[in-house]
Structures are given as C-alpha cells and as structure tokens.
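Student: Any chance you could fold what I've pasted below:
(2 chains)
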Amino acid sequence: MMDYKRIVVVPSLLLLLMFTSTFGGQDIAIRGGNILTINDAPIENGIILIKDGKIEALGQDVMIPADVRTIDASNKFVMPGLIDAQSRLFVIDSELRESRTIAPELNIIDAIDPFIKEYREVLAQGVTVIYVAPGSRSLVGGRGAVLKLNGSKTADKMVLKTDVAVKAAIGVSPNNESSSLTRLEHYSSIREALLETKVYMQRKEKYDRELAEYKEKKAEYEKKDGEREAEKKEKPKRPAKFRPNPTYEVLAKVIRKEIPLQIEAHRVSDILNALRLADEFDFSLILDKCTEGYMISDEIARRKVPVIVGPVSTSFVDMPRLEYRNHDMRNAAILSRRRIKLALGVSGRDGASSKFILSAAAMAVANGMDKDAALRAITLTPAEIFGVADRIGSLEVGKDADIVILNRHPLDALTQVKTVLIEGKVVFERKTEQ
Amino acid sequence: MRRRIFPSILLSLSVFSHLVVAAEDTQSLAIRAGRIWTVTDGVITDGVIIVKDGKIHAVGKEPDVPAEAKILDMSDKDVIPGLIDAHCHVGLSLDIFAEIDEIVSAVTPDMQILDAFDPLAEDVTKARSSGVTTVMLAPGNKNPIAGQTAIVKLYGNKMNDWVLKRKGGVKLSLRDEALMSDRRPTSRAGLMALLREQLNEGKAYKDDEYDPCGEVLKRVADGNVPAYICACTVDEIASAVTLVDEYGLKAVLIGAEKGDEIADIIAERDIPVIYAPLLLFSKDKDLKRVVKLANSGIKLAFSSTAPKTALHDLRTSAILATKYGLNPEVAIKSLTIHAAEILGIADRVGSIEKGKDADLVILNGDPLQLTSNIEMVIINGHIVYKRQEE
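Tutor: Predicted structure coming up:
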C-alpha cells in the first residue's frame, strides 16, 4: 500500500505543484489560532509550520522563518481536515447497481466521476477526505477507497488508499421490503461465499504444492534422461491447470486479514449475524451504519469491532426507510461510551450531503456524545479504521498538512470555514461573509 | 357536475375522550429558567414562567409564585414556545405504502384530514419529543383540491384539547403529482381550468342546496378560509399567484422551493410561505433560497412534511437556514409566532405571553444550536415528554 501511494500520489503531487500558482509549493505558517490537534490537547494561540505539504512543526513557540507565507488564524479554530466515512461524492448511482450478488472484485475507483462540481461545496465545509464504497444492492459489492478532495481530474490522483475494505450488506432492501427470511438468506449467501473461498484457498494451496512437486520431479526426470537411458522412469504428470477466480482471490485476502470486510447492517439480527460471521471466519470486521447497535452495544464492544455510525440523524436521508425504523440519535453516544472505536458518517441522499458532517457530529453531541469524541469521530478515528492515520486525521508533525480554519468552534451551528489546505496548498478560501 | 362523496373514517368524540396520554398532571407550575425566549418580547434571563390551568399565567423576572405551584428548576436551561410544524402528515398512519389522498376524484374539498388522524399513533408519541407541540395536518398533493387541513396539538385529555381547528383551510395542489393519465386533470393548463371551474361553482353556490363540496369551495373562493396552495417550481408559484389575483383567495404557499426567483411578486401580495423542509436540499444554491425569501419580507413558517422528514428536523431546518444566512431571530419566529400567525392561531400559541396556552419546550442550550437537546416538553401545562439518558 505504501508503495502504491508513493508511486501515484507523490509524483502527481509534484506535477500539481509544478503547475499550480504561487502558493503551490511555498511553505506556509498558520499563526495565532486555537489548534484542535485531536490526538493531543488543544494548543491556544499556536503556530503550525508547513513544509513540502507536511506539518513540519507545531506548538506555541515555533519559530516562523522570514520568507514563508503566513495565514493569520487569531481568534479562529484550526483543526485537521474532516472525513466523511460514508460519502457518495463522485460516485454515480447507476454504477452501483451491480446485478450480481457477490462481486468483491469490483473496485469503486472504476465508478468515480471526478467531474462532479459539488465537491467544491463539500470542500468549503472543511471536508478534505472521503471514504466511498459500493452501495448495498449487492451482498458483497466491491472494494472501497479513501479519496482526497484535491481537485484532481482523474480518480487515481485523488486516491489516498484503495482496497480499504470489501463492502458487504446484510438485510438491506433496495425497495423498502424486507422479511426475516430474505435477511437470513443474505447472511447465508455471504457465509457460503466465504466457505467456498476457504475451499478455493485449499485447492489453490494443493495446486501450488503439486506444481512445485511436479517441477522438482520433472527436473530430476530430465536430468536422468540424459544420464542413463536404460533406467527410464515414469514421466511425471503435470497437475490439472488451475483457473484463478477473481471473486475468491479478493475474499481470500479477507480471510487472510489482508483487507477488512465492511458489513452494512441495520437491525439487531443483522448486526449479530455480521458478528457471527467475523467469529466464524476471523476476518477484520468494520460494522457500517449499525442503526440498532445501541441495543446490543455490549456485543459489539466485547469484540472490539470498529463501527461507522451513520446516518447520525435521518435529516439528510430520503425517508421513510425501513432500515431506520428504530433509528435513535443516541446511537453514537451509547456506542462511544462503551469505548467502541467509532467514526461518524453523513450517509446522505447524495454526494453533496457530505458537507453536513459537522452538523451530524453536532447532533451526536446533542444526544449525549462527548464533544471531543465527536470531533475525533470525523477525523482521527476514521483515518485509523481505514488505515491512513499515518497520513491524515490529526495535527501532528510529519502528517499531511490537511488543515481547516474556522471562525467559531467547529460544532457551533454558525461556524464558517474560512480556509482549507490540502497538503499545504490553499484549496479553499472564503472571500465574503456567507 | 357530479362529485363522489367518499366515505370518511369517522372517529366519534366519545372515542377521543378515552384517549388520555399518560402525562404528569400538573395543577400549576413555576418554571425557573436561565433564559426565556418569549419570541414576541425578547429574551428574559433568569426569569420565571407561571403556568396555571394549562395557560401561561405570568412571565417575567420575579412574578408572584402561587403557594401550591410545583417548582421546576431549569435555571441553567433555555425555554422557548412550543414549535409549530405548519405542514405535515403525522398521525395519519401513513406508512410506506399508504395513501392519504382520495385520488378517485380530483376534487375532494369535503374531505377532512382530521378524520384520518390517530392521536395514539407511534409517530405522534415520537413527535412529542421533538419540541413540536402544534401541527397543521394536511392531505397530500395528488388532488388539485385535496381537502380540509386541521390544526392540532400533539397532546390532549379530550378531543377538544387536541383540536385547535378542525377545518383549518383547504389544500390545493398545483404540483405535477396532481396530473394523472386516467382522470382530469392530465395537463397543467387543464389543472388550472379545473380549479377555475370549481372556484366559479363555489362562488355561485347558494346556501339552500345541500352540497358539502360547494359549501367549502364557496368559503375558499370568497377568501373566508385560507387556501393552502402547494406550489414548488416557479411556474407553479406563478399559477398560484394568478389564482390569487383572479379570485382574491386568502392564500398561503406551501413548498415554494424556488419562490426566491419571484420573491418580489409573492411579497407584493403579502402571501405567506410555509417553506419546504430545508433538509431535502443539499446544494448551496438551494439552501440559500429560503434566506432570499425571508429577506424579501415574506412571512415564513417551516414544515417537516413528516414523514418525508422527521418532526425533529423542523428545528434542524431552521438552524441550517441560519448557517446559510437566515437571521436567527427570524428563524425562531418562523418556528413559532410567525407560523401561528400564518395559521391563524396566534391568539392561542406561538409565544410565551400571559394568557396563551402553556406549550413550552425546555432545552439544555441555545435553541438554534444543533448541539442543544430537548429536555422537556409541556403542552397545555402538562409535562408530555422528559428526556432520558440511554
């Protein structure tokens, strides 16, 4: 994964820097703000120094070199770029209507349309990174990716990480119809696919072993062939050709814990089924949506499964939806109090809805979630869940300079994002009062 | 013209009288509050509200507290008037597949939506926790003349306590949904022709004939009861304005999503607007429209159109509007007193004033912050909701 990032992101960045305006490659200092680092205590009246797109230094007594551009953030709040862990931005709905039920080999990157203009409005609300995954129409719908809203014209250049997780869904009905029988069927179909994958893995292992044996024997046979013709042994037989299966290849990675399985589940029974699958096959599970999770928080906490809770409020969703029948805005607060690793998502009706991530966090706070926990759940925790916390999610030396400057506390309803930086480059600046 | 008089679900008064919601019975209350948002007379800090017989008996810094009053210490809380959802379908058992419109006929002014209201429905119980204390129930948008709206409280001991107005006005729909392939009207112009035909019949209606539809249409055509006209696009709103000009209707616009495009035309005629749920929009351009409407001097109310959005989203809509530039004072008035004025119930609800119904919402912070939550809801002096952790 590291290699991929280096190969794609760094050269593309260099290219970007080469073509962008004056501020592109310049070092920047952000001065005077109330810095919400997220991983550590806030720093009052602090300074952040940015060099080559990374945070070079931060603290109260950081020396600002004479030649750097300085952004005045006094009386403002400075925090890491926000992450919507349940975004639909750049994803064209029709691309998600895969008719096959088990299709983990699909990659969301192939359904990305970078020319969707709404991303500017999302960026203007401080969102610098999104996680997009296939929809819930298929039981196993494909692999999700973490993207940066850096304005690139191709999906590859937006990618921070691909193959983040394989997305699955249990008990989600596209047409608001659901019976316990179909939900059970979802569970057993996914289980069956995983069992078949295990058989596939065994077969492949056997083939690999036999192939190795064959090569060894063949070499020996050919050697003997040249030496003593009289003692001719039986010619070794090549094992039957093995046909690799792309579906099982991806699911094998899930079973080997190389890639997590993200399971969307809403009702208690579906969440429990997701947990049972993880118990049986011992893969890394990410619970997604988890609408009724508050009813069985102990079960989730016991297994230390990370959860993406969303929608926090059904405000930004087309209602009514059967899955949200028992939706409770206290869900995030209750799960968070059980020390469950928790990210919040908007899970809105369209791509532009990602802009409401701060509103979603504020509503979680209204319903009992700790303010700091809510801010962490839209920055550092999703970065950890998606395996990109080495790059983003908090304001720390060495991390990407993805930074948001706001005029009020981020959870204040009237807060306005003033400036957004991605990798040290100013990508949004509010000119006028809204 | 023959009209189909359809059977309506009749709920007798005796049924309602048994529908007592479990609530703490309170004779009189003295509520000490950190901040009282009277809405009509500013914010009182560290004030007291005296509630007696379901009404607001006194409000101020230090009013006389009756000896028998139960004291509620809310000195670190904010108190606002009960919120008013000016257009929704709560309690109409409108689950996903149900229909609220009598679509067999396009003209059903005699339909009274209150007949379909179930005060014990699950969504009514849920709604109480959202801070909404009064709602206007309305038929849907599938009939050009859809029926009579009702204005109800979300709590009552008896039917009379629930209902503020059985016949709140008549809902008209200029939406595309009102056009159907198998009955009149099938086109936009046909819809307008049908409405004119009906309003003309209403004007010509004489009291000596029995016609439940004609009777209602007469009151609408004469401007005696409000016509709640659902119109969202610019052309629909323009058609609504045309009807207002032609007949002198006492009109209120419902929806008016794109009303800002012709805000001056609406403002000129003093037509108030019950705005579509703001949460249905996600583009900045659409989120800012309501601000332009308000800035044109048009009187606004918010609506949830529940179950399209949840009742608790009523306040969320108003808060979101402030984020996009709506004056916070206008936002809170639109949720309360302005809505009451538009619906003609400002003598009873919409502000914290002596003599008005004791419909109060207590929050743990600024009502226009998403981080504030509703701790208690009082309707007619009864505590109908108390927040519980987990």
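Student: C-terminal to the lengthiest helix in chain A, what's the next element?
Tutor: The helix spanning the most residues in chain A, taking DSSP state H as the definition, is helix A:180-227. Sequence-wise, the next helix or strand downstream of helix A:180-227 (DSSP states H and E) is helix A:246-255.
Student: and that next one, what other elements does it pack with?
Tutor: Judged by 3 or more C-beta pairs under 8 Å, 6 or more residues apart in numbering or on different chains; DSSP states H and E, helix A:246-255 is in contact with strand A:166-170, helix A:180-227. Placement of C-beta: from N, CA and C, glycine included.
Student: thinking again about what came up before, can you name every helix or strand that the longest helix of chain A contacts?
Tutor: On a contact count with 3+ C-beta pairs under 8 Å, 6+ apart, helix A:180-227 meets strand A:166-170, helix A:246-255, helix A:268-281.
Student: Just give me how far it sits from the chain centre.
Tutor: On the basis of C-alpha atoms, centre = their mean, to the nearest Å, helix A:180-227 sits 31 Å off its chain's mean C-alpha point.
Student: Give me the angle between it and strand A:166-170.
Tutor: Angle, helix A:180-227 to strand A:166-170, by axes from the mean of the first three to the mean of the last three C-alpha atoms, to 10 degrees: 140 degrees.
Student: Point out the residues in the stretch 251-390 of chain B that sit beside chain A.
Tutor: Those residues of the stretch 251-390 of chain B that sit near chain A, judged by C-beta under 8 Å from any C-beta of the partner chain, are B:279, B:282-284, B:307-310, B:312-313, B:316, B:319-320, B:322-325, B:368-373, B:389-390.
Student: Surely A:Leu421 is within a strand?
Tutor: Yes: counting by DSSP: H, G, I helix; E, B strand; the rest coil, A:Leu421 is part of a strand.
Student: circling back to that earlier point, just the buried ones among the residues of the stretch 251-390 of chain B next to chain A, please.
Tutor: With burial judged by 16 or more other C-beta atoms under 10 Å in any protein chain shown, the buried subset of these is B:279, B:282, B:284, B:307-310, B:312-313, B:316, B:319-320, B:322-324, B:368-373.
Student: Find the residue closest to A:Leu211 in space, skipping its chain neighbours.
Tutor: Among residues not flanking A:Leu211 along the chain, A:Pro239 sits closest, at 5.8 Å (C-beta to C-beta, 6 or more residues apart in numbering or on different chains).
Student: Let me see the contact set for the one you found.
Tutor: By C-beta atoms under 8 Å, 6 or more residues apart in numbering or on different chains, A:Pro239 lies in contact with A:207, A:210-211, A:214.
Student: can you check A:Arg100 too?
Tutor: Taking C-beta under 8 Å, 6+ apart, one finds A:Ser138 in contact with A:Arg100.
Student: dump the residue contacts of residue 236.
Tutor: I went with chain A, as the question did not name one. A:Pro236 is in contact with A:214, A:217-218, A:221, counting by C-beta under 8 Å, 6+ apart.
Student: you looked at the wrong chain, it should be chain B
Tutor: Applying C-beta under 8 Å, 6+ apart, the residues near B:Glu236 are B:174-175.
Student: Determine how far the helix or strand it falls within lies from the middle of the whole chain.
Tutor: When elements are assigned from DSSP H and E, B:Glu236 belongs to helix B:234-247. The chain centroid and the centroid of helix B:234-247 are separated by 22 Å under C-alpha atoms, centre = their mean.
Student: Just the buried residues of that helix, please?
Tutor: Neighbour counts over helix B:234-247 (16+ other C-beta under 10 Å) mark B:234, B:236-237, B:239-241, B:243-244, B:247 as buried.
Student: so how far is chain A from the closest residue to B:Leu114 other than its chain neighbours?
Tutor: Closest residue to B:Leu114 apart from its sequence neighbours, by C-beta to C-beta, 6+ apart: B:Ala150 at 3.8 Å. Distance of B:Ala150 to chain A, given as C-beta to the nearest C-beta, to the nearest Å: 22 Å.
Student: and if you look at B:Ile84?
Tutor: For B:Ile84, the distance to chain A - C-beta to the nearest C-beta - is 19 Å.
Student: Count the residues that sit near that residue.
Tutor: Neighbourhood size, B:Ile84 [other C-beta atoms under 10 Å in any protein chain shown]: 29.
Student: Could you do A:Val397 as well?
Tutor: A:Val397 sits with 12 neighbouring residues when counted by other C-beta under 10 Å.
Student: residues in contact with it?
Tutor: A:Val397 neighbours (C-beta under 8 Å, 6+ apart): A:55-58.
Student: how does it look with 6 Å?
Tutor: A:Ile55 (C-beta atoms under 6 Å, 6 or more residues apart in numbering or on different chains).
Student: sec struct for it, please.
Tutor: A:Val397 ends up coil, using three-state DSSP.
Student: per-residue pLDDT, it?
Tutor: A:Val397 is assigned 98 on the pLDDT scale.
Student: rewinding a little: CSV for the helices and strands packed on helix A:180-227, including mean neighbour count?
Tutor: Below are the helices and strands packed on helix A:180-227 laid out as CSV (neighbours: other C-beta atoms under 10 Å in any protein chain shown):
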stretch, mean neighbour count
strand A:166-170, 27
helix A:246-255, 20
helix A:268-281, 19
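Student: With mean pLDDT added, can I get those in a markdown table?
Tutor: As requested, these are exported to a markdown table (pLDDT from 0 to 100):
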| stretch | mean pLDDT |
| --- | --- |
| strand A:166-170 | 95 |
| helix A:246-255 | 97 |
| helix A:268-281 | 96 |
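Student: following the helix holding B:Glu236, which helix or strand comes up?
Tutor: strand B:251-255.
Student: give me the element the residue nearest the centre of chain B is part of.
Tutor: In chain B, the centroid-proximal residue (C-alpha atoms, centre = their mean) is B:Ala86; its distance is 1.9 Å. Counting by DSSP H and E, the element that carries B:Ala86 is strand B:83-88.
Student: re the thing from before, let me know whether the residue nearest to the centre of chain B touches B:Leu137 as I believe.
Tutor: No: between B:Ala86 and B:Leu137 no contact is recorded; they are 10.6 Å apart, counting by C-beta atoms under 6 Å.
Student: Got the domain ranges for the chain?
Tutor: You didn't pick a chain, so chain A it is. As recorded under automatic domain parsing, the domains making up chain A are A:1-80+A:394-429, A:82-182+A:245-392.
Student: oops, chain B please
Tutor: B:28-81+B:355-386, B:82-343.
Student: B:Tyr210 falls within a strand, correct?
Tutor: No: counting by three-state DSSP, B:Tyr210 falls outside a strand, being coil.
Student: list the contacts for it?
Tutor: Residues counted as contacts of B:Tyr210 (C-beta under 6 Å, 6+ apart): none.
Student: Look up how far chain A lies from it.
Tutor: For B:Tyr210 relative to chain A (C-beta to the nearest C-beta), the value is 40 Å.
Student: mind checking how far that residue is from B:Met136?
Tutor: Distance of B:Tyr210 to B:Met136, computed by C-beta to C-beta, to the nearest Å: 28 Å.
Student: next one: B:Leu164
Tutor: For B:Leu164, the distance to B:Met136 - C-beta to C-beta - is 9 Å.
Student: Give me the more crowded residue out of these two.
Tutor: Taking neighbours as other C-beta under 10 Å, B:Leu164 and B:Met136 compare with B:Met136 leading, 29 against 21.
Student: right, and that one touches B:Lys153 too?
Tutor: No: using C-beta under 6 Å, B:Met136 is not in contact with B:Lys153; the gap is 11.4 Å.
Student: Redo the domains of chain B as JSON lines? Include distance to A:Arg330 and mean pLDDT.
Tutor: Formatted as JSON lines, the domains of chain B follow (distance: least, C-beta to C-beta, whole Å; pLDDT from 0 to 100):
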{"stretch": "domain B:28-81+B:355-386", "distance to A:Arg330": "10", "mean pLDDT": "96"}
{"stretch": "domain B:82-343", "distance to A:Arg330": "11", "mean pLDDT": "93"}
